[in-house]
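Trainee: Provided below for reference: sequence and predicted model.
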There are 2 protein chains.
Amino acid sequence: MKQVAIGIDIGGTNTAIGVVDRDGNLVYEKKPQLATPQKKENPTGSELRSEELMENFISALTKEIKAAIETVKQINPDIEVAGIGIGAPNANYYSGTIEHAPNLPFVGVINFAHRIHNEFPEIKHVRLTNDANAAALGELIYGGGKGMKNFVMITLGTGLGSGLIVNGDLVYGADGFAGEVGHTTVVPNGRVCGCGGLGHLEAYCSATGMKRTVYELLAKYNNTESVLAQTPYTDMTAKIVFDAAENGDSIAKEVFEVTGEILGRGLADAVHYLSPEAIFLFGGPTAAREFIFKPTKDSMEHHLLPIFKNKVKVLPSELKEGSAAIIGASALVWKELEKN
Amino acid sequence: MKQVAIGIDIGGTNTAIGVVDRDGNLVYEKKPQLATPQKKENPTGSELRSEELMENFISALTKEIKAAIETVKQINPDIEVAGIGIGAPNANYYSGTIEHAPNLPFVGVINFAHRIHNEFPEIKHVRLTNDANAAALGELIYGGGKGMKNFVMITLGTGLGSGLIVNGDLVYGADGFAGEVGHTTVVPNGRVCGCGGLGHLEAYCSATGMKRTVYELLAKYNNTESVLAQTPYTDMTAKIVFDAAENGDSIAKEVFEVTGEILGRGLADAVHYLSPEAIFLFGGPTAAREFIFKPTKDSMEHHLLPIFKNKVKVLPSELKEGSAAIIGASALVWKELEKN
């Protein structure tokens, strides 16, 4: 009998559902993805409307999970679903709840894992955590972190997420929300972060942070020659900066240097906390490879205590960009089986 | 039969040796303390001289450990020594080595735990870690951290040490040196730290950091009225600042505010990493109680993400200042018994 895990990723726009085997192969994926309920569907943030949206979402999700199970059982009737792993914003591993997620239309604390488990009582493990934690588990179970006991996962996207592996397991902390490295302060009284705080790592080193640096540098030099000066703020992406850097654009190259300098300092902090074997970087900006890895590593090494120098690897994640969210979420299940 | 643990703390000047019971009571303490070999005894840093100093030190320490065991066995012949726990600078828990300790006269990597174990093969556990990690274990086994699974210990002295408890155990990391929170950057390109780095937490919030702030503020205001302006740099202590603050001295009060502001920001970073249940502060400056705790807590709360606000306790350590080093080191032994 072959065991598989269901991975679900509740993203801002869509919710991805897939079935993953023990080696991290995606054996089924729901296409097109399910729509995630939107904030605008509950503009007043009322409890009543929240409950209705949640009912509809749970019922749609249940239908899709059933379809996924049916499909894989048609391929191989001996397949056993070992569990359901879910990645979601503001997800609490311990309680299985989604709590006050700022970009979802649900009010308060939603008992999400429990409600899904009610629909599938025959499935032993239904677990929930945030997407960066899920990615870290994905790296641990299927990726470059296999066999490592201590590493740090950093996801670079709209925000900067992180998952910390200590002694072979994810750090959830006292309340289930550990691993918010993106919201540590790297520039006192610096840029306004998405969370409202000042000078957070996320405000400088996420894809969004890189975009902000583009315009800060254009303004600093009053540079009208750079190809980046032709693109409106709203349209700028890490990909555009990468392409410009490859073509030798000085602003684009400096964006990577500035980003790497600050990210490397942040990674040095992480090393001083946790002494990891490696730090994995995941997400759009890592496609720029040495443009981002070199200044990041140089800065990290520069900021490390002598006892840590030349010991900690900074590596690109081995998770595939497209399926990482599902794969990561599914890893929750195998980790649960290990523990039980 | 009553079990006891031997605790040894290798400090800069003296090495303290004691015997501690399971409840953290010091049942024997060597007085006067043994002298720690000094850097000036090996000014050239030669391997030969290092080995000789180490031989002498091991032999003196062995004599004192034997005396300690004899003394407690005279009191109660049924006593069993469960192990020896040692706190030392640059100590590596995994390998039992002391590695390139900058303030000791020993060269390179010293196989310390192994050499002590050779002298006492009948004792099962001989373990080594740095003093701040030992203090964290002391808090976990005997102190305010009893029953907690996740907390952070910060020791404020000449330096700023830290020990991280995650899932009920100390974080050693990939190489045994985790928990160097004092060397995370809080002010980019800020004060020169004892390690040579710039803007580290230790350079601002240790007792030494507070002293530096005194003179920075005197210089800032050109203040000649403050009682602190009468004391030479070399003589300034956290105790003098505390006394001045109690007498209403404006510079002294601002020293605590500035220190608390930066320390609180550092603690917020620690919360974002690890989501601890509590953060314990230990050491001289904590005697100032609310002068240091209030601005620290206020600043920490100010810098926390909403999901962490009003959740994390900031508490004075329950370890006694005088015996904490021995007690902490002895805790290594009980932790080892728990694991085996």
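Mentor: Perfect, I can see it now. Residues are numbered from 1 along each chain as shown, chains lettered A, B, ... in the order given.
Trainee: make it CA atoms for all contacts and neighbour counts henceforth
Mentor: Noted.
Trainee: List the contacts of A:Thr296.
Mentor: A:257, A:259-265 (Cα atoms under 8 Å, 6 or more residues apart in numbering or on different chains).
Trainee: oh sorry, the question was meant for A:Asp131
Mentor: A:Asp131 makes contact with A:9, A:87-89, A:161, A:325, A:328-329 under the criterion Cα under 8 Å, 6+ apart.
Trainee: which one of these sits closest to B:Thr234?
Mentor: Distance to B:Thr234, by Cα to Cα, is smallest for A:Gly161 among those, at 44.8 Å.
Trainee: so the closest one touches A:Thr155, yeah?
Mentor: Yes. Between A:Gly161 and A:Thr155 there is a contact at 4.9 Å, judged by Cα atoms under 8 Å.
Trainee: and for those two, which residues touch both?
Mentor: Listed as contacting both A:Gly161 and A:Thr155 by Cα under 8 Å, 6+ apart are A:Ala132.
Trainee: quick check, nearest of the contacts of A:Thr296 to chain B?
Mentor: Looking at the contacts of A:Thr296 and their distance to chain B, the nearest is A:Arg265, at 7.6 Å (Cα to the nearest Cα).
Trainee: Contacts only, for that closest one.
Mentor: Counted by Cα under 8 Å, 6+ apart, A:Arg265 has contacts A:186, A:296, A:299-300, A:303, B:185.
Trainee: give me that answer again for 7 Å
Mentor: Neighbouring residues of A:Arg265 by Cα atoms under 7 Å, 6 or more residues apart in numbering or on different chains: A:299-300, A:303.
Trainee: before we move on, what about A:Met1?
Mentor: Neighbouring residues of A:Met1 by Cα under 7 Å, 6+ apart: A:78-80.
Trainee: Run a quick neighbour tally on A:Lys66.
Mentor: By other Cα atoms under 10 Å in any protein chain shown, the residues close to A:Lys66 number 12.
Trainee: tell me the SS of it?
Mentor: helix (DSSP: H, G, I helix; E, B strand; the rest coil).
Trainee: tell me the secondary structure for the residue nearest the centre of chain A?
Mentor: Per Cα atoms, centre = their mean, the C-alpha nearest to the average position across chain A is that of A:Ala132, at 3.2 Å. Look at A:Ala132: counting by three-state DSSP, its state is helix.
Trainee: May I ask you to confirm that it is in contact with A:Gly157?
Mentor: No. In this structure, A:Ala132 is not within contact of A:Gly157 by Cα atoms under 7 Å, at 10.5 Å.
Trainee: Skipping its backbone neighbours, what lies nearest A:Leu201 in space?
Mentor: Among residues not flanking A:Leu201 along the chain, A:Gly182 sits closest, at 5.0 Å (Cα to Cα, 6 or more residues apart in numbering or on different chains).
Trainee: Kindly report the same for A:His183.
Mentor: Nearest one to A:His183, counting by Cα to Cα, 6+ apart, is A:His200 at 5.0 Å.
Trainee: near chain B, which residues of the stretch 1-150 of chain A show up?
Mentor: A:Asn150 (Cα under 7 Å from any Cα of the partner chain).
Trainee: go with 10 Å
Mentor: A:90, A:99-100, A:148-150 (Cα under 10 Å from any Cα of the partner chain).
Trainee: what ranges do the helices span in the stretch 151-300 of chain A?
Mentor: Assigned by DSSP state H, counting those that start in this stretch, the helices in the stretch 151-300 of chain A fall at A:201-205, A:207-221, A:238-246, A:250-274, A:290-303.
Trainee: residues making contact with the shortest one?
Mentor: With contacts defined as Cα atoms under 10 Å, 6 or more residues apart in numbering or on different chains, helix A:201-205 is touched by A:156-161, A:180-187, A:190-195, A:197, A:208-213, A:256, A:258-267, A:285.
Trainee: Of those residues, just the buried ones, PyMOL syntax please.
Mentor: Buried members of the contacts of helix A:201-205, defined by 16 or more other Cα atoms under 10 Å in any protein chain shown, are picked up in PyMOL with:
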select buried, chain A and resi 156+157+158+159+160+161+180+181+182+183+184+185+186+187+191+193+197+208+209+210+211+212+213+256+258+259+260+261+262+263+264+265+266+267+285
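Trainee: Does A:Pro89 belong to a helix, a strand or coil?
Mentor: Classification of A:Pro89 by three-state DSSP places it in coil.
Trainee: Mean neighbour count, the helices of the stretch 151-300 of chain A: which tops it?
Mentor: Ranked by mean neighbour count, these are led by helix A:201-205 with a mean of 29 (mean count of other Cα atoms under 10 Å in any protein chain shown).
Trainee: between the contacts of A:Thr296, which is nearest B:Phe120?
Mentor: Using Cα to Cα, A:Arg265 is the member of the contacts of A:Thr296 that lies nearest B:Phe120, at 44.2 Å.
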